Structures are given as C-alpha cells and as structure tokens.
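[1] Curious how this folds, go ahead:
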Amino acid sequence: MFQIVQWPIGLQMAAMRDVLLIAAFIAIASPASSLAASSAWLETDGGRVRLVTSGVPDGQGALSGALEIDLKQGWKTYWRDPGGSGVPPSLDVSASPNIASAELSFPAPERFDDGYARWAGYKHSVTLPVTFIVKAPAEPAKIEAKIFLGVCETICIPVQGQLTVDPASDRNDAADAAVVQAALAALPLPANPEFGLFKLRSDPSMLVVEARLPDQARHADLFIASEHGYVFGIPEGQEKDGKILFSVPIQERPATAPAEGALHYTLVTDSGSVDGTLPFP
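    Okay, here's the model as predicted:
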C-alpha cells in the first residue's frame with residue numbers, strides 16, 4: 001500500500017524565524033582570504049563553508065561552482081525554503097564587477113519536526129551547485145560573494161561572511177572539478193509526465209495537485225518553495241481513487257498572479273526525486 005509520509009525526525013532546536021542568536025556566533029571571513037579557484041574555509045561553531053569554481057564560462061557566460069557546507073555531527077542546515085523557521089542559504093555577488101548573478105541549486109531536502117516548527121533541510125553535510133553568470137567571459141571575473149545561511153544543533157546560528165574566488169587561477173584543478181560534478185550529480189532529476197506534479201485546482205486558500213510516481217515508489221513528500229509573493233503551508237498528502245493528491249495551504253498570495261515565471265517544487269520519494277515547476281494558482 002502506498003504511504004504518504006512527512007519524513008519525521010526528532011530534533012532539539014528552537015524555531016528561528018523571529019529569533020536569531022547573532023552576536024558572538026556570526027563568523028566573518030576576510031575578503032582577501034583566497035585568490036584561488038576555491039575559497040578559504042569559513043569556520044563556524046557548527047562546521048565550515050567554502051566556495052569552489054571549476055572550468056571556464058560557456059557561451060552564455062555560465063560558470064559552474066559549488067557551495068560546500070561541511071557540518072559537524074548533529075548539526076543541520078536549510079533548504080531553499082525552510083518553511084516555518086530557518087534561514088535559507090543565499091549568495092550576494094553584487095560586489096563582483098564582472099559577475100551578473102549567482103543561482104543556487106538544491107538536492108532533495110528532508111522534512112523535520114522539532115516540536116516547535118516543521119521545516120525543510122539537511123541533517124548532514126551538503127554541497128549546493130552554483131551557476132555564476134559572467135558578464136564578459138573573456139575578462140577577469142574575481143568573485144566576492146557574501147554568504148548568509150543558518151546551521152542548527154540545539155540552537156540555531158546564522159552564519160555570514162565573504163568568500164573570495166579567482167576562477168581563472170586554476171581552472172583545471174581535478175579536486176575542484178570533482179566537487180562541482182558530485183554536487184550536480186546529487187540534484188533531483190527534471191520532472192516528466194511519468195514522475196512529477198500536475199495542478200488539479202486551486203482556490204484563494206488551497207492548491208491541490210496530483211503526484212505521478214514511479215511504480216516502485218511507496219513513500220512521497222512534496223516541497224513547494226514560497227516565492228513570487230506566495231507563502232505555502234506544509235503539503236498534506238492522501239491516496240484517493242488510486243491517485244496521489246497533495247493539498248497545499250496558501251497562506252499568503254499576491255493581489256494578482258505574476259505574468260511570468262512559475263512555482264518551483266521538489267517531489268521526494270523512496271525511489272528518487274524530481275524538480276519541476278507549477279503554474280501560479
């Protein structure tokens with residue numbers, strides 16, 4: 001029989017949407033800490049973080065990289081949308097004159113319930129692929145990236161600092177390439193007609209979708225990122241008339257649906273995971 005699960009895991013941490021323990025726990029990295037294709041490690045109580053790049057920009061200026069989050073035993077960190085509490089990882093490259101943007105990608109998260117809030121993230125070290133867009137690929141592209149993310153044990157600590165990378169200094173480093181390739185390989189596959197979500201209906205307060213899964217899948221959980229002015233509650237799944245349905249509470253929504261874009265989701269099963277998009281409700 002098929003089972004909808006929320007991946008419950010007992011943790012001991014305080015909710016941190018409104019309360020962050022900053023002061024003595026914020027780690028700051030020196031802007032001049034590295035002039036290599038990988039940055040120096042930024043150390044914090046819960047582990048360490050660094051930025052890696054590999055190769056050269058492609059024809060559209062896209063340069064591959066990865067944000068390594070090396071966690072100590074018992075610590076956790078957050079997905080792109082933690083939910084009721086947490087700090088999602090972010091990169092600010094506005095101080096890098098030849099870098100237009102940096103986009104993070106995320107492996108499939110887990111659902112946590114700590115008694116205070118239910119949230120999405122990782123209970124182990126994780127590496128997030130990063131795609132940098134270089135404005136002028138033939139010119140130097142030193143990266144000055146300000147990072148901000150949260151790590152948790154029994155308390156939650158925001159981590160911020162600056163990581164410095166010179167992608168041209170060692171473009172063919174085998175170790176850096178292995179880090180980036182492994183991060184990309186760990187991402188969910190693209191959704192497809194046999195494995196993905198399909199919008200059924202919506203009203204002002206609820207979005208209902210159907211999940212189509214591989215035949216061998218027996219457990220499933222759904223993560224929808226709050227973005228474009230939408231804020232979603234935890235999806236609740238059920239099996240009905242041979243179909244797998246998820247009801248997603250819409251807690252906030254824009255006055256009008258955006259003219260462009262879509263909602264990003266990750267569908268996680270015991271037989272693999274996929275990423276996809278849904279039209280706005």
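
[2] just the helices in the protein please.
    Residue ranges of the helices in the chain, as given by DSSP state H, are 174-185.

[3] Next one: the closest residue to V49 other than its chain neighbours relative to E210, how far apart?
    Nearest in space to V49, with sequence neighbours left out and distances taken as C-beta to C-beta, 6 or more residues apart in numbering, is L42 at 4.7 Å. Using the backbone N, CA and C atoms, a C-beta is placed for each residue, glycine as well. Using C-beta to C-beta, to the nearest Å, one gets 43 Å for the distance from L42 to E210.

[4] what does S271 give?
    S271 sits 17 Å away from E210 when distances are taken as C-beta to C-beta.

[5] and what of G65?
    Relative to E210, G65 is positioned 36 Å away (criterion: C-beta to C-beta).

[6] These two: which is more packed in?
    Between G65 and E210, G65 has the larger neighbour count (other C-beta atoms under 10 Å), namely 27 against 14.

[7] Contact partners for the more buried one?
    If you count contacts by C-beta atoms under 8 Å, 6 or more residues apart in numbering, G65 has them with 51-54, 102, 129-132, 165, 167, 180.

[8] Tell me what it is bridged to.
    When assigned by DSSP bridges, G65 has beta-bridge partners T53, V130.

[9] And for D113?
    On the basis of DSSP bridges, D113 is bridged to G10, R118.

[10] tally of neighbours for G46?
    Neighbours of G46 using other C-beta under 10 Å come to 24.

[11] Test my guess that it contacts I69.
    No - using C-beta atoms under 8 Å as the test, G46 is too far from I69 to be in contact (9.3 Å).

[12] between the two, what contacts are shared?
    Here G46 and I69 share the contacting residues 77, 151, scored by C-beta under 8 Å, 6+ apart.

[13] L187 and A66, how far apart?
    Distance, L187 to A66, using C-beta to C-beta: 11 Å.

[14] now do I143
    Using C-beta to C-beta, one obtains 12 Å as the distance from I143 to A66.

[15] overlap in contacts of these two?
    Taking C-beta under 8 Å, 6+ apart as the contact criterion, the residues that touch both I143 and A66 are L51.

[16] Would you map the strands across the stretch 1-150 of the chain?
    3-4, 42-44, 47-54, 62-71, 76-83, 90-92, 99-104, 110-113, 118-122, 126-134, 143-152 (DSSP state E, counting those that start in this stretch).

[17] Turn those into a markdown table, including mean pLDDT and distance to A174.
    Shown next, in a markdown table, are those (pLDDT from 0 to 100; distance: least, C-beta to C-beta, whole Å):
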| stretch | mean pLDDT | distance to A174 |
| --- | --- | --- |
| strand 3-4 | 49 | 43 |
| strand 42-44 | 92 | 23 |
| strand 47-54 | 96 | 9 |
| strand 62-71 | 97 | 14 |
| strand 76-83 | 90 | 27 |
| strand 90-92 | 96 | 24 |
| strand 99-104 | 97 | 23 |
| strand 110-113 | 87 | 31 |
| strand 118-122 | 89 | 26 |
| strand 126-134 | 98 | 16 |
| strand 143-152 | 95 | 20 |
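
[18] and of those strands, who's closest to E227?
    strand 76-83 (7.5 Å; C-beta to C-beta).

[19] which outside residues touch that closest one?
    The list of residues contacting strand 76-83 from outside it, by C-beta under 8 Å, 6+ apart, reads 11, 13, 46, 69, 71, 86-89, 104, 106, 109, 112, 117-123, 126, 149-153, 223-227, 234, 264.

[20] please redo it, this time with the cut-off set to 6 Å
    Judged by C-beta atoms under 6 Å, 6 or more residues apart in numbering, the contacts made with strand 76-83 from elsewhere in the structure are 69, 86, 88, 106, 109, 119-123, 150-152, 225-226.

[21] Also stretch 234-251?
    Identification of contacts with stretch 234-251 by C-beta under 6 Å, 6+ apart yields 2, 4, 118, 205-211, 222, 224, 231-233.

[22] Which one of L187 and A66 is surrounded by more residues?
    Taking L187 and A66 together and counting by other C-beta under 10 Å, A66 has the greater number of neighbours (24 against 17).
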